[in-house]
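Chemist: Got a sequence here, can you model it:
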Amino acid sequence: MILKKGLFLFSVLFFFFIRATYAQDAGKVLPLKIILAQIEEQHNVKFSYLNSDISPFKIIPPQQTLLIGEKLSYIRTQTGLSFKQSGKYISVYKPVSEEYICGYIVDEFTVPIEGALIKYTSQNNEQVETDKDGYFKIVRNKNDLIEISHPAYEPITLTVNSFKDDCRTIILKLIFTTTLEEIVAERYLTTGISKKDDGSFVIKPKKFGILPGLIEPDVLQTMQQLPGISSIDETVSNINVRGGTHDQNLFLWNGIRLFQTGHFFGLISGFNPNLPHQIKIYKNGTSAFYGESVSSAVDISSRSENIDDSSFGIGTNMINADFYSVVKLSEKSGLELSARRSFTDAIDLPAYSKYSKRIFQNTVVTELSNSNDVNYKSDKEFYFYDFTGQYHLKTSDKSDLFIDFIGINNKLDFTQGTITSTRVLVKNSNLSQLTLGGSATWKSQWNEKNYGEITLYGSYYHVNGNNEALLNNQVVEQENNIVDAGFRLSNSTNLQPYLTLHTGYQYSELGIKNTNRINSPDYFQTTKDVLRSHALIGEAEYNPENSRFYAKFGLRGNYFSSLSTFLLEPRLQFNYTINNKWKLEALGEFKSQATSQIAEVQQDFLGIEKRRWIMANGNDIPIQKGRQISAGVYYKSGGWQVSLENFYKKVSGITTAEQGFQNQLELLNLTGDYRVFGTEFLVQKQFHGFYAWFSYTWNNNKYDFKDFNPSGFPNNLELRHTVNCAATYEWKSLKFALGGKWFTGRPETTPLSNDPVYNTPGYPEISYASPNDDNIENFFQVNFSALYSLKLKNMATLQMGISILNVLNKKNTINRYYRINDETDLIEVVNTYSVERTPNAMVRLKF
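Modeler: Numbers count the residues shown, from 1 in each chain. Next up, the predicted model:
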């Protein structure tokens, strides 16, 4: 009752708050900047101006019922300012006296060009640059010729006489080669995602548009929209890139390697989605500066090149509340802070209930002999939090110092129970995960041709799980600790205007400790390993301004001193622009990693977070080695964007414990490899405010374990066919997205019989068919999201959003395995289902 009254009161206050926001301050003097913002919102236009031109003016706002031309005329009368309109863009400026001329530099789409160089032949050969609105003003001289240039646009020369009393709008044309570089770079799926010449994908959360099912720019959910990247169990702690396991991906946050990426055991990203400035993702052709991964590299940076102005944001959804703050301490220093905490241990809202059911379902278990369901009940107390901090100091005009730290924590207390024919069973378990990390980076421009960077970093990861088995008295405790520390040096030298040499050295010392305790049978084991590695890096980048070629070749030399092993890893990125519509790309890489995650028994750690990190030892746990090559073609014209890419990838040195087997291979310790080849296709159309895309991925993913018969069979992560499609619509401050995904069911291994066999007297076992001989049902899900932004009077922004996962509430099976019931000695089939229809809502205030 109290909660209902509170929600009612909140709704009433929220209604009046929004109503007050829209109210016009009739008769009240307001700053001109606020009035222009209101006109932008009402008439869907965009003003550009200098703050110094409009900040002195405070006037009574024009009536809302007036046409936009009438409003501009009213403002012109009150302030003396002039307006110039080009489409939805309106320039505001002071009338220029006879001693000066001014102009606005825009591209062919009327987008302002910042940083264009204006040279004029006055007595001192002076020059100025355009500001963010493309504006410039210079002294008038009748004999002047004005040269306007920008690296991405064709230069032009104008005479002073061509400028009249008003500011002139000047259009620059893109240089042909620059247009070619942007064939696939402008908008990939949505705003804020772009594809670069080196084959990487870049996500900028602050420019993020909208994707189905997402109301925040969650990087780990967003990357799953890219062709070739998926999650076989719909979590961010099990991301599969071109058939690889999650631990084969490298995750960096401001130079810190992270071994934990998710909250809520993978349903929510461990990174605050509102803070990062840029995320770079490599599927292939990874830069030689990234090691320890045979699949992808994900580099998350929350660093800004400049000292940002102070800002603040606070928000909440149906799972957690968070804030971030940017504090400008001075012109040369700034501080960024963020924190997020779930309130799931206090309030049980619908989103948490659905997520909770997905994670803690512990399945519905069916006995194969009679198909009776065995129901398991559970109670839990769960919460998570994360925090980040960053200090930025400009030590000089050409040097920057960054100090960063991050923390991620999950905590669970879990009580599980069931009723058998003879007794009531209740067991208590708990699980905790903690990540702490810090780094310090100094960047400097040594001289005109050299730029360098030095980074020191360290991270700590701890996971402890205490699992009491429900059907017997066995207690299993597992503890995994990781300490990672090191430093990186890098330097870039411009050998020629078109050729840059990147060099570097990296040192890492990694310690991993694993502890296992079991009460029945009595067992205790502790292992501790330390791995020291050195890497030398050389990378040449060929990127001439007036050429259709782009190429980067890198070489990484890894030396693992603890294993006395040296590996040489070449990397290649190459593309060729045929014309302003077509581009070809080729990528290749050799990579390795000496750490991986294993799960010796799949039901350990509550069946939730059962994986623990281990280190290669050169014997039964080898260093994993990956090789990959891909070739693609890209087309862009008339709002259409099409890409087609084929790839081949092979990873050797994998073990059965790393692959999550739940069949006859679960307790075997075998070494092998997998190879995957496939095709990724994307078509995207853009017109007006409507955007749509369709992607299809096909892959053939097979294991090869030579000491097992049969040696070759489908990979546990094989999704033979995957389809993603979506449509988004943006109208003023409102955005909608509706999309679906479909993929073929993952492989499963079926029993040969419904009854167990007794190869050992008194011990029932399951007799399996060939590994991964069948597939579970196909997966299909439809998702929806909507966002609305509202500008408030004090220049704050109120953002609201809703999302619905699994709109059709389809019951998708995402995993299936078989086990022996300890009480009945019968075979049970265990199904794990995807999340049900899950609504979520978000409110965020930024100022």
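Chemist: need the next SSE after the helix or strand harbouring Tyr559, C-terminal direction.
Modeler: Per DSSP states H and E: Tyr559 is located in strand 549-560. On the C-terminal side of strand 549-560, the closest following helix or strand by DSSP H and E is strand 565-577.
Chemist: relative to strand 549-560, how tilted is that following strand?
Modeler: Counting by axes from the mean of the first three to the mean of the last three Cα atoms, to 10 degrees, strand 565-577 lies at 170 degrees to strand 549-560.
Chemist: which strands and helices sit next to strand 565-577?
Modeler: helix 176-181, strand 549-560, strand 582-593 (3 or more Cβ pairs under 8 Å, 6 or more residues apart in numbering; DSSP states H and E). (C-beta placed from N, C-alpha, C; glycine too.)
Chemist: out of the ones you listed, deepest packed?
Modeler: With neighbours defined as mean count of other Cβ atoms under 10 Å, the helices and strands packed on strand 565-577 peak in mean count at strand 582-593, which reaches a mean of 21.
Chemist: so what strands line up beside it?
Modeler: strand 565-577 (antiparallel), strand 624-637 (antiparallel) (DSSP bridges).
Chemist: Would you reformat these as a markdown table and include mean neighbour count?
Modeler: Shown next, in a markdown table, are those (neighbours: other Cβ atoms under 10 Å):
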| stretch | mean neighbour count |
| --- | --- |
| strand 565-577 | 18 |
| strand 624-637 | 19 |
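Chemist: With distance to Lys33 and mean pLDDT added, can I get the helices and strands packed on strand 565-577 in JSON lines?
Modeler: Shown next, in JSON lines, are the helices and strands packed on strand 565-577 (distance: least, Cβ to Cβ, whole Å; pLDDT from 0 to 100):
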{"stretch": "helix 176-181", "distance to Lys33": "34", "mean pLDDT": "40"}
{"stretch": "strand 549-560", "distance to Lys33": "42", "mean pLDDT": "96"}
{"stretch": "strand 582-593", "distance to Lys33": "42", "mean pLDDT": "96"}
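Chemist: coming back round to it: tabulate the strands paired with strand 582-593 (a markdown table), appending distance to Gln445 and mean pLDDT.
Modeler: Below are the strands paired with strand 582-593 laid out as a markdown table (distance: least, Cβ to Cβ, whole Å; pLDDT from 0 to 100):
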| stretch | distance to Gln445 | mean pLDDT |
| --- | --- | --- |
| strand 565-577 | 25 | 96 |
| strand 624-637 | 34 | 95 |
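Chemist: In a markdown table, list these along with distance to Gly192.
Modeler: Below are the strands paired with strand 582-593 laid out as a markdown table (distance: least, Cβ to Cβ, whole Å):
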| stretch | distance to Gly192 |
| --- | --- |
| strand 565-577 | 22 |
| strand 624-637 | 18 |
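Chemist: just so I know, which of the ones you listed lies nearest Thr222?
Modeler: For the strands paired with strand 582-593, proximity to Thr222 was assessed by Cβ to Cβ; strand 624-637 is nearest, at 20.5 Å.
Chemist: Quick check: next helix or strand after the closest one?
Modeler: strand 640-655.
Chemist: Which elements pack onto that following strand?
Modeler: strand 595-598, strand 624-637, strand 671-687.
Chemist: What strands line up against the strand holding Tyr559, and which way round?
Modeler: Strand 549-560 is paired, per DSSP bridges, with strand 522-542 (antiparallel), strand 565-577 (antiparallel).
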